[in-house]
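K.L.:
how does the following fold in three dimensions:
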Amino acid sequence: MTTHDKAISSLQNPVVKKLRALSSKKYRDEDGIFMVEGARHVNDALDNDWQPDVIAYSIRAVHDDAAKKALATARAARVMVLEVTDDILSSITGRDNNQPILATFKQRRPDIAMVKDGLWLALEGIRDPGNLGTIIRTADAAGANGVMLIGSTCDFFAPETIRATMGSFARMPVVAATEQAFTAWRKTYAGKVIGTHLHANSIDYRDTPAKLPLLLLMGSESNGLSPALTAACDTLVKIPMAGGTESLNLAVSTGIMLYEIARGTLPK
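P.N.:
Predicted coordinates:
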């Protein structure tokens with residue numbers, strides 16, 4: 001600990017209570033912040049200019065080079081740095097097997113108007129935070145420019161989502177839009193919209209036109225694309241399946257689609 005860090009050992013400390021409350025979407029939205037666990041992912045956020053709010057660490061962090069880098073960056077920026085016990089870290093995260101460092105950052109909520117060029121992924125009605133985090137990570141790996149969430153979805157800033165992105169949250173802009181906002185934006189979008197659908201007129205996904213700009217639109221596992229968003233598509237595609245399987249996990253099907261579209265553009 002440096003002389004500028006604040007040592008906390010009580011679960012009743014107001015800052016600790018504030019950090020614990022971030023497990024609730026209500027408090028994340030009220031404070032406009034979210035939590036990131038682990039030195040590597042904290043550094044991902046710092047390196048991509050996310051604005052830090054608080055950093056908390058246990059004594060284990062002083063033996064971790066990545067954690068020491070994050071702490072040095074935070075101290076240089078005069079961010080509140082707290083040395084806490086491992087029990088407090090467990091209380092904040094709700095997990096026993098904790099990383100020795102975590103941080104909170106200011107939320108970013110980019111506007112739908114930024115969705116213009118390149119390859120974008122849109123997800124309608126996704127409700128599983130683990131799936132969302134995995135999809136964001138896959139979109140990052142496939143070279144997508146960002147992700148759009150349409151309608152009622154799980155929270156991008158939920159700890160489970162951020163954890164599942166494995167650091168990709170820091171690089172991938174995530175835009176949220178209502179169905180009405182999406183429909184209005186669609187009228188101004190210069191690219192093509194491709195949606196996955198088991199419609200009779202859907203074509204094989206391997207015949208997907210991949211000219212950019214392009215928006216890939218995926219529906220929820222339970223309901224698929226709504227009629228309004230289906231109508232917004234230029235092309236409908238499907239992934240053929242053998243055997244008795246009727247559907248794929250959304251993260252799996254999205255990965256298949258993204259990599260098919262990105263075929264030939266990724267480094268070998």
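
K.L.:
only C-alpha atoms from now on, for both contacts and neighbour counts.
P.N.:
Noted.

K.L.:
which one is the residue positioned nearest the centre of the chain nearest to, not counting chain neighbours?
P.N.:
Central residue of the chain (C-alpha atoms, centre = their mean): Phe169, 4.5 Å from the mean position. Of all residues beyond its chain neighbours, the one nearest Phe169 is Ile162 (6.4 Å), with distances taken as C-alpha to C-alpha, 6 or more residues apart in numbering.

K.L.:
so how far is Gln12 from that neighbour?
P.N.:
Distance of Ile162 to Gln12, computed by C-alpha to C-alpha, to the nearest Å: 26 Å.

K.L.:
out of those two, which sits in the more crowded spot?
P.N.:
Ile162 (27 against 10; other C-alpha atoms under 10 Å).

K.L.:
checking that one next. Helix, strand or coil?
P.N.:
Of the three states, Ile162 takes helix under DSSP: H, G, I helix; E, B strand; the rest coil.

K.L.:
name the helices or strands packed onto the host helix or strand of His41?
P.N.:
Using DSSP states H and E, His41 falls within helix 39-47. If contacts are counted by 3 or more C-alpha pairs under 8 Å, 6 or more residues apart in numbering; DSSP states H and E, helix 39-47 sits against helix 65-76, strand 101-106.

K.L.:
now do the longest one against strand 101-106, angle only.
P.N.:
Relative orientation of helix 65-76 versus strand 101-106 (axes from the mean of the first three to the mean of the last three C-alpha atoms, to 10 degrees): 40 degrees.

K.L.:
buried sites along helix 65-76?
P.N.:
Neighbour-count burial for helix 65-76, counted by 16 or more other C-alpha atoms under 10 Å, picks out 66-71, 73-75.

K.L.:
tell me the one among the residues you listed nearest to Asp44.
P.N.:
Ranked by distance to Asp44 (C-alpha to C-alpha), the buried residues of helix 65-76 are led by Ala70 at 9.5 Å.

K.L.:
the helices in the protein, which residues?
P.N.:
14-20, 25-31, 39-47, 65-76, 86-93, 129-141, 159-165, 179-186, 227-231, 250-261 (DSSP state H).

K.L.:
could you dump these into CSV with mean pLDDT and distance to Ala242 added?
P.N.:
Conversion of those to CSV gives the following (pLDDT from 0 to 100; distance: least, C-alpha to C-alpha, whole Å):
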stretch, mean pLDDT, distance to Ala242
helix 14-20, 95, 46
helix 25-31, 96, 40
helix 39-47, 97, 39
helix 65-76, 95, 46
helix 86-93, 94, 42
helix 129-141, 97, 23
helix 159-165, 97, 29
helix 179-186, 96, 33
helix 227-231, 94, 25
helix 250-261, 96, 14
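
K.L.:
out of these, which gets nearest to Pro240?
P.N.:
helix 250-261 (10.7 Å).

K.L.:
show residues contacting the closest one.
P.N.:
Contacts of helix 250-261 with the rest of the structure, by C-alpha atoms under 8 Å, 6 or more residues apart in numbering, involve 131-132, 134-135, 138-139, 142, 144, 205-206, 208-210, 216, 218, 220-221, 239.

K.L.:
angle of that helix against helix 129-141?
P.N.:
Using the same axes, to 10 degrees: helix 250-261 against helix 129-141 is 10 degrees.
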